[in-house]
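Colleague: Give me the fold of what follows.
(2 chains)
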Amino acid sequence: MKKTLFDKVWDAHVVETIPDGPQILYIDKHLIHEVTSPQAFAELEQRGIPLSRPDKTVATADHNVPTIDQHLTIRDALSRKQVQMLTENCEKHGVTLYGLGHPYQGIVHVMAPELGITQPGMTMVCGDSHTSTHGAFGTIAFGIGTSQVAQVFASQCLLLNKPKKMRITVNGTLKENVLPKDVILYIIAKLGTNSGTGHFVEYAGDVFKNMSMEGRMTVCNMSIEMGARGGMIAPDEITFDYVKGKEFAPKGEVWERKLAYWKTLPTDDDAEFDIEYEFDAVDISPMITYGTNPGMGIKIGEQIPVLEDPSFEKALKYMELEKGQNLVGQTINYVFIGSCTNSRIEDFRVAASQIEGKQKAKNVTALIVPGSQQVAKQIKEEGLQDIFEAAGFEIRQSGCSACLGMNEDKIPAGEYCVSTSNRNFEGRQGPGARTFLASPLVAALTAVEGKIVDITQMELA
Amino acid sequence: MQKFETFTSTAVPLPIENVDTDQIIPARFLKATDKIGFGENLFRDWRYHKDGTVNAGFVLNNTQYSGNILVAGENFGCGSSREHAAWALEDYGFKVVISSYFADIFKGNALNNGILPIVIPNDQLKSLLNLITEKPDTEFFVDLPHQELVVEALGIRQKFDIDPYKKMCLINGYDDIDFLISKREVITAFEQQNA
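Modeller: Below you'll find the predicted structure:
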């Protein structure tokens, strides 16, 4: 039978199929962090059982960590306790931890790929919905709840029903200044926030074939925002080049063996999907969201739609925007460039290219939060840090930061923020905060102009 | 996990679509290291004004509405994988959430915490929301063994789907860990084969 990429990876990890029930799926890599793991560790203790495969488990502290003075004791008592518990639990159970101060610390979905922990053909899980990011490598990667974290601790397996398969094909060439973030915001705006529910998505076509690994990660990252369990892109030479030589990537003979296997993973011709969508790259423009879910997106410069729908109206009321309004010219006091969606080196290169030699607008507080210590180091080495600092941007240490407003990096109530993160939910970036999701390019230019600008009408650097 | 038993209750209407888990429990309340007390902050930013005073307009603050069933608009539980959302609903006292669509991760988290998510057609959901908004004392009968939701007032006897394995778990109060541990040998064999 013809198989899809998803079928191949999934089927290779089925330990057993329960009659009339779910399948036992083996998990190759379990990433954990401080927020969704303590209750799962407690579950092990209550049952008096060991963590089954500490060697397949990797931890970092990211969600709840300060992005200033990480070498000092965490000020917030609850955050401190969470991070401390992660450290204690990892020590007790023999789990590798890249905690604060470690050169590998970072947002779990930035750290694992850049270290070569993420590899094609794997199954990976984490108690975080943006685990879908790792699908960029042709990996089945998805977010799980804490009960499932405990299940993986206990057995290195999960009980799951095989999701359905969706393919989204985008052929053609992207227009200038259209970034991977715009591609995924466009897809979600077209299909809606629950279009992917129950499905695993494969992104196919020219646009993804020609995309860098960083871009592919941005796309797969937001699969969850259309409700999909995960997104995947077939591994190819771009993938192999990225993984090769990374700290934990296979080496020598093992590399050759794995590489040969990875090359068998792409979807067979004529393999069937439960649902397929096709888009044309030329239809995609720089995007921005206007509402309170990531599906509420428009081309920058386009008007907010006019709909008679209570949920739509509730969203506009929260955002304090009008139906039919054009966002261009909207004053913006906060810009956030970071999160597991857009905090990789490529994102900061794009941002810096527009900022070099300029100043941020006076009204703007602009935060640059690298996804990992390694990215922070790269920013410095490439001279981007100097560009950001000279322009008046604040450079922070790595973590999830203002994406989810768990630590002190929050957008004040009522303020607008153009953000490269993944969710514009009510209060996501802080109680009462209003989020516009966009690419790092749009975010950088917003910071310089102090307002939303139609980048398609500008001469860009 | 507690056994899920068949019960009758009134319901609370929440006619909002795409209720995400950041609304169910905002991230700033995820700093706990246990599962206790999350109900207090369920729908925190809808239940309370910014200054901490009660938002009388929100349904959970309206004493007319009560019960162990939450009836919510389409696509409930989207967004973050935080199981704290299920813990908050459970701690508050909800045993059932009815919607026309649930996000996958939330659905799994709910089932793993003894909360039954019931999917019904969207038009029926709208009728139910209208009915309970007008008649808060409407009684719902949830019959898990027969997979049936009964609302006599509307003449509704709606069958609902549930994975047979998950149904067995809910009825008996079992969870997946017990089951997976019992499969240790098969899992080890798989590991050796694939080493």
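
Colleague: count of residues packed around residue 49?
Modeller: No chain in the question, so chain A it is. A:I49: 15 surrounding residues under other C-beta atoms under 10 Å in any protein chain shown. For glycine as for every other residue, the C-beta is placed from the backbone atoms N, C-alpha and C.

Colleague: my bad, the chain I had in mind was chain B
Modeller: When neighbours are counted by other C-beta under 10 Å, B:H49 registers 13.

Colleague: now do A:W10
Modeller: Counted with other C-beta under 10 Å, the neighbours of A:W10 add up to 20.

Colleague: secondary structure class for it?
Modeller: Secondary structure, DSSP: H, G, I helix; E, B strand; the rest coil: A:W10 is helix.

Colleague: And it, how far from chain B?
Modeller: A:W10 sits 14 Å away from chain B, going by C-beta to the nearest C-beta, to the nearest Å.

Colleague: Kindly report the same for A:V453.
Modeller: 29 Å.

Colleague: Do you know the pLDDT at that residue?
Modeller: At A:V453, the model reports a pLDDT of 97.

Colleague: How about the backbone phi and psi for the nearest residue to A:N171 once chain neighbours are set aside?
Modeller: Closest residue to A:N171 apart from its sequence neighbours, by C-beta to C-beta, 6 or more residues apart in numbering or on different chains: A:G205 at 4.4 Å. Here is the backbone geometry of A:G205 (degrees, to the nearest 10): phi 110, psi 170.

Colleague: Near A:G205, how many residues? Count them for me, please.
Modeller: Neighbour tally, A:G205, other C-beta under 10 Å: 17.

Colleague: residue contacts, it?
Modeller: Taking C-beta atoms under 8 Å, 6 or more residues apart in numbering or on different chains, we find A:G205 in contact with A:T169, A:V170, A:N171, A:E278.

Colleague: in a strand, that's where the last one is, yeah?
Modeller: Yes: the assignment for A:E278 is a strand, going by three-state DSSP.

Colleague: any idea how far B:I24 is from B:S9?
Modeller: Distance, B:S9 to B:I24, by C-beta to C-beta, to the nearest Å: 20 Å.

Colleague: Comparing the two, which residue is more hemmed in?
Modeller: Legend: neighbour count by other C-beta under 10 Å for B:S9 and B:I24, higher for B:I24 (27 against 17).

Colleague: what's the more buried one sitting at in phi/psi?
Modeller: Backbone torsions of B:I24, given as degrees, to the nearest 10, read phi -60, psi -50.

Colleague: now B:L14
Modeller: phi -130, psi 80.

Colleague: partners of it in the sheet?
Modeller: B:L14 has these beta-bridge partners by DSSP bridges: B:A72.

Colleague: Tally up the residues packed near it, please.
Modeller: The tally of other residues near B:L14 (other C-beta under 10 Å) stands at 23.

Colleague: pLDDT at A:P103, what is it?
Modeller: At A:P103, pLDDT is 98.

Colleague: I misspoke; the intended subject was B:K50.
Modeller: pLDDT for B:K50: 89.

Colleague: got it, and the one 4 residues further on?
Modeller: Confidence per residue is given as pLDDT, and for B:V54 that number is 97.

Colleague: quick one: contacts for the closest residue in space to it that isn't next to it in sequence?
Modeller: Once flanking residues are discounted, B:V54 sits nearest to B:N61: 5.4 Å by C-beta to C-beta, 6+ apart. Listed by C-beta under 8 Å, 6+ apart, the contact partners of B:N61 are B:R47, B:V54, B:N55.

Colleague: For the longest strand seen in chain A, which outside residues touch it?
Modeller: Assignment by DSSP state E gives strand A:164-171 as the longest strand of chain A. The contact list for strand A:164-171 (C-beta under 8 Å, 6+ apart) reads A:4, A:6-7, A:183, A:187, A:196, A:198-208, A:228, A:267, A:272-281, A:284.

Colleague: Try it again at 6 Å.
Modeller: Residues from elsewhere that reach strand A:164-171 (C-beta atoms under 6 Å, 6 or more residues apart in numbering or on different chains): A:4, A:6, A:198-199, A:201-207, A:273-279, A:281.

Colleague: and if you look at stretch A:371-381?
Modeller: Contacts of stretch A:371-381 (C-beta under 6 Å, 6+ apart): A:103, A:105-107, A:110-111, A:114, A:343-345, A:348, A:370, A:385, A:398.

Colleague: Using neighbour counts, pick out the buried residues of stretch A:37-56.
Modeller: Within stretch A:37-56, the residues scored as buried using 16 or more other C-beta atoms under 10 Å in any protein chain shown are A:37-44, A:51-54, A:56.

Colleague: hang on, the earlier thing: among the contacts of strand A:164-171, name the ones in helices.
Modeller: Mapping those onto helices (DSSP state H) picks out A:F6, A:D206, A:V207.

Colleague: Pipe the contacts of A:G205 into a markdown table and attach pLDDT and neighbour count per row.
Modeller: Converted to a markdown table, the contacts of A:G205 look like this (pLDDT from 0 to 100; neighbours: other C-beta atoms under 10 Å in any protein chain shown):
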| residue | pLDDT | neighbour count |
| --- | --- | --- |
| A:T169 | 98 | 17 |
| A:V170 | 98 | 24 |
| A:N171 | 98 | 15 |
| A:E278 | 98 | 11 |
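
Colleague: Let me know the pLDDT of B:M1.
Modeller: On the pLDDT scale, B:M1 gets 82.

Colleague: any idea how far it lies from chain A?
Modeller: As judged by C-beta to the nearest C-beta, B:M1 and chain A stand 9 Å apart.
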